[in-house]
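Undergrad: Based on what follows, work out the 3D shape:
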Amino acid sequence: MFLYMIDENTGKVAEAARPDGVKRALRQPSIKDIARLAHVSHPTVSRALQNSPLVNPRTAENIRKIADQEGYHASAVARGLVTRRTRTIGLVVTTVADPFTSEVFSGIEQEAHDCGYCVFLAESNADPERERQVVRTFAERRVDGIIVIASRVGALYLPLLSEMMVPIVLVNDQHPGAFVHSVMIRNLEGSRAAASHLIGLGHRRIGYIGDQIGYQSDAERCAGCREALEAAGIPFTPELVVQGDGKPEAAMRVMDQLLALAHPPTAVCCYNDMTALGAMRSIRLHGRRVPEDISVVGFDDLFFASYTQPPLTTVRQPMRRMGQLAMESLFKLMSGDASEIRIKVEAELIVRESTARVKKG
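TA: Below is the predicted model:
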């Protein structure tokens, strides 16, 4: 056992005996240090630590034992130079404060961790130019793959792919148009199920609170509501469609507008659960009740949906599963295997207590 110290006279690293049981050196031991202690060449140490069959099993076991005693850890950077893989993934999100993003990230991170990868996280703040810059930075730092949640660039990545040479998968792409690989909820079907549920409860004036920066998912969710109305022979009423920004504060403002109408809606479908929170608060502040006066449906089934008062009827997105699917798709691309281009996951209507039959009269 050796202790590495700085010689005050020469400024060079010197070795000094250290007591048994002191496991950690003052500097990280190198492969050459392990080779010297094991009386083998440093290429042999490198092969042994990579479990190469070219090294005698007894020799390899001795090398690994010495490496463990000396506190040696392989350099991921050095290993990456050899394998051309850094075992890192770049993840671009709109904001880390979004509960939807948090759930999707959990699925991505777990899948990556299980396969020995690290995930680097960066925010785009819903700014397309910032998103492009972050993706380019990840590519320059030689991540093995990139996942973008709620992309504002989407199909515009197509001309960049050959230039960046890094596989990219989008989750819940917000830019209209096709992309090479993406994972997305069946927005139209989910929203149609929500509106059909309200129609089945006797509602005819059904509002929709969207997200003005939601782009594709907002358009699909609004279209789903419209399809349900048309299928039931109920005229579509443009004045009942308003745009928030996916957050409670904006939802409160636009819900105020709906309540100010001469004939306000008896129910509203919301772009997401955060929007539903704001809508429900606005309804209460106007002295009305959910669902007795107005029924409310969200979208996502975030962790708090079953704890609101009343518990929120919503469309469930399998968020963690979507993250896992994105990571699985990215692994296939990184390995050169075929991967499904557009993965669509099923939406599920979860009926709770924020919806009820329309009041008569």
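Undergrad: what residues does stretch 269-276 touch?
TA: 99-100, 191, 194-195, 198, 206-211, 214, 217-218, 221, 225, 244, 246-248, 250-251, 279, 296-302, 304-305, 308, 312, 314, 354 (CB atoms under 8 Å, 6 or more residues apart in numbering). Bear in mind the C-beta positions are built from the backbone N, C-alpha and C, glycine included.
Undergrad: typo on my end, it should be stretch 230-244
TA: 196, 199, 204-212, 222, 226, 229, 250-251, 253-255, 257-258, 261, 265, 271, 275, 278.
Undergrad: What is the end-to-end distance of stretch 331-344?
TA: Across stretch 331-344, the terminal residues are separated by 18 Å (CA to CA, to the nearest Å).
Undergrad: coming back round to it: in helices, which of the contacts of stretch 269-276 appear?
TA: The members of those that map onto helices under DSSP state H are 99-100, 191, 194-195, 198, 217-218, 221, 225, 248, 250-251, 279.
Undergrad: From the contacts of stretch 230-244, list just the buried residues.
TA: 196, 199, 204-211, 222, 226, 229, 250-251, 254-255, 258, 265, 271, 275, 278 (16 or more other CB atoms under 10 Å).
Undergrad: I'd assumed Arg321 was in contact with Glu111.
TA: No - counting by CB atoms under 8 Å, Glu111 sits too far from Arg321 to count as a contact (10.2 Å).
Undergrad: Compare the two (neighbour count), which wins?
TA: Glu111 (21 against 15; other CB atoms under 10 Å).
Undergrad: Secondary structure element holding that one?
TA: For Glu111, the host element (DSSP states H and E) is helix 99-114.
Undergrad: Okay, buried residues for that helix please.
TA: Buried residues in helix 99-114, counted by 16+ other CB under 10 Å: Pro99, Phe100, Thr101, Ser102, Glu103, Val104, Phe105, Gly107, Ile108, Glu109, Glu111, Ala112.
Undergrad: Which strands or helices does that helix pack on?
TA: strand 88-93, strand 118-123, strand 145-149, helix 319-335 (3 or more CB pairs under 8 Å, 6 or more residues apart in numbering; DSSP states H and E).
Undergrad: Would you mind writing the CA trace of it as CSV?
TA: In CSV, the C-alpha atoms belonging to helix 99-114 read as follows (Å, rounded to 0.1, in the frame of the first residue of the first chain):
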residue,chain,number,x,y,z
PRO,A,99,-44.7,18.1,-13.4
PHE,A,100,-45.3,16.4,-16.7
THR,A,101,-41.6,16.9,-17.6
SER,A,102,-40.6,15.5,-14.2
GLU,A,103,-42.6,12.3,-14.7
VAL,A,104,-41.3,11.8,-18.2
PHE,A,105,-37.7,12.4,-17.0
SER,A,106,-38.1,9.8,-14.3
GLY,A,107,-38.8,7.2,-17.0
ILE,A,108,-35.9,8.3,-19.1
GLU,A,109,-33.5,8.5,-16.2
GLN,A,110,-34.4,5.0,-14.9
GLU,A,111,-34.0,3.4,-18.3
ALA,A,112,-30.7,5.1,-18.9
HIS,A,113,-29.4,4.3,-15.4
ASP,A,114,-30.3,0.6,-15.9
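Undergrad: Quick one: residues in contact with that helix.
TA: For helix 99-114, the external contacting residues (CB under 8 Å, 6+ apart) are 89, 91, 93-96, 118-119, 121, 147, 149-150, 171-172, 272-274, 300, 302-304, 317, 319-328.
Undergrad: Break down this protein into its strands, ranges please.
TA: Using DSSP state E, the strands of the chain run over 2-6, 13-17, 88-93, 118-123, 145-149, 168-171, 182-185, 206-211, 241-244, 267-270, 295-300, 313-316, 342-345, 348-350.
Undergrad: List the strands paired with the third one, with their directions.
TA: Meaning strand 88-93. strand 118-123 (parallel), strand 145-149 (parallel) (DSSP bridges).
Undergrad: Residues contacting that strand, please?
TA: Applying CB under 8 Å, 6+ apart, the set of residues contacting strand 88-93 from outside is 101, 105, 108, 112, 117-124, 131, 134-135, 138-139, 141-151, 327, 330.
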